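Colleague: With the input below, show me the fold.
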Amino acid sequence: MKDAHKKYKNQSVQTASREKILLLLFEAAIRFTKQAIQACEANNISDRGYYIGRAYDIISELNNTLNHKISTNLGKNLEQLYMSIADQYVQANISGKVKHLEDALRILEILYNGWSQAIEKLKTERKMGESA
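Modeller: The predicted structure follows:
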């Protein structure tokens, strides 16, 4: 059963649009950040490091794939936000303080909601353009 679920999930990701992949990455970063918070609260240093590392890798990838040619200001602003999140992860890993992870989570959730709304708006505009 687990293999079937894993195959389905892999297939879903492989056939997903760029927009859906972006949202999936944010969802994973949010999930890993929440798991890191739980590990921090349980004083589980190993799990804390693991989940912070997973979330950090996602944010690094998002930062590395920014296209500054499309919008210089947007790219620069996103880069600053991603770097801020990454810094919060580093500080949380060093200090073990939950506050750094909560700050990162807050930014991630704002970005996720913003991207979700932008993607929905884009979908609506595409549908309206197709029916015109």
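
Colleague: what's the closest non-adjacent residue to F32?
Modeller: The spatially closest residue to F32, leaving aside those adjacent along the chain, is A55, at 3.9 Å (C-beta to C-beta, 6 or more residues apart in numbering). C-beta here means a position set from N, CA and C on the backbone, and glycine is covered the same way.

Colleague: Neighbours of that neighbour, how many?
Modeller: A count of neighbours around A55, defined by other C-beta atoms under 10 Å, yields 28.

Colleague: Okay, buried residues for the helix or strand that contains H100 please.
Modeller: Following DSSP states H and E, the helix or strand that holds H100 is helix 98-131. Residues 98, 100-101, 103-105, 107-108, 111-112, 119 are the ones in helix 98-131 that count as buried (16 or more other C-beta atoms under 10 Å).

Colleague: cool, stretch 28-38 as well?
Modeller: Under the neighbour-count criterion of 16+ other C-beta under 10 Å, stretch 28-38 has 29-30, 32-37 buried.

Colleague: Let's see that stretch as PDB, backbone CA atoms only.
Modeller: Extracted in PDB, the C-alpha atoms of stretch 28-38 (Å, rounded to 0.1, in the frame of the first residue of the first chain):
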ATOM      1  CA  ALA A  28       6.900  21.000   2.600                       C
ATOM      2  CA  ALA A  29       9.000  23.900   4.000                       C
ATOM      3  CA  ILE A  30       6.100  24.800   6.300                       C
ATOM      4  CA  ARG A  31       5.600  21.200   7.400                       C
ATOM      5  CA  PHE A  32       9.400  20.700   8.100                       C
ATOM      6  CA  THR A  33       9.500  24.000  10.000                       C
ATOM      7  CA  LYS A  34       6.600  22.900  12.200                       C
ATOM      8  CA  GLN A  35       8.300  19.500  12.800                       C
ATOM      9  CA  ALA A  36      11.500  21.400  13.700                       C
ATOM     10  CA  ILE A  37       9.500  23.400  16.300                       C
ATOM     11  CA  GLN A  38       8.100  20.200  17.800                       C
END
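
Colleague: What mean pLDDT does it get?
Modeller: The predicted model assigns stretch 28-38 a mean pLDDT of 98.

Colleague: One more: stretch 49-58?
Modeller: 98.
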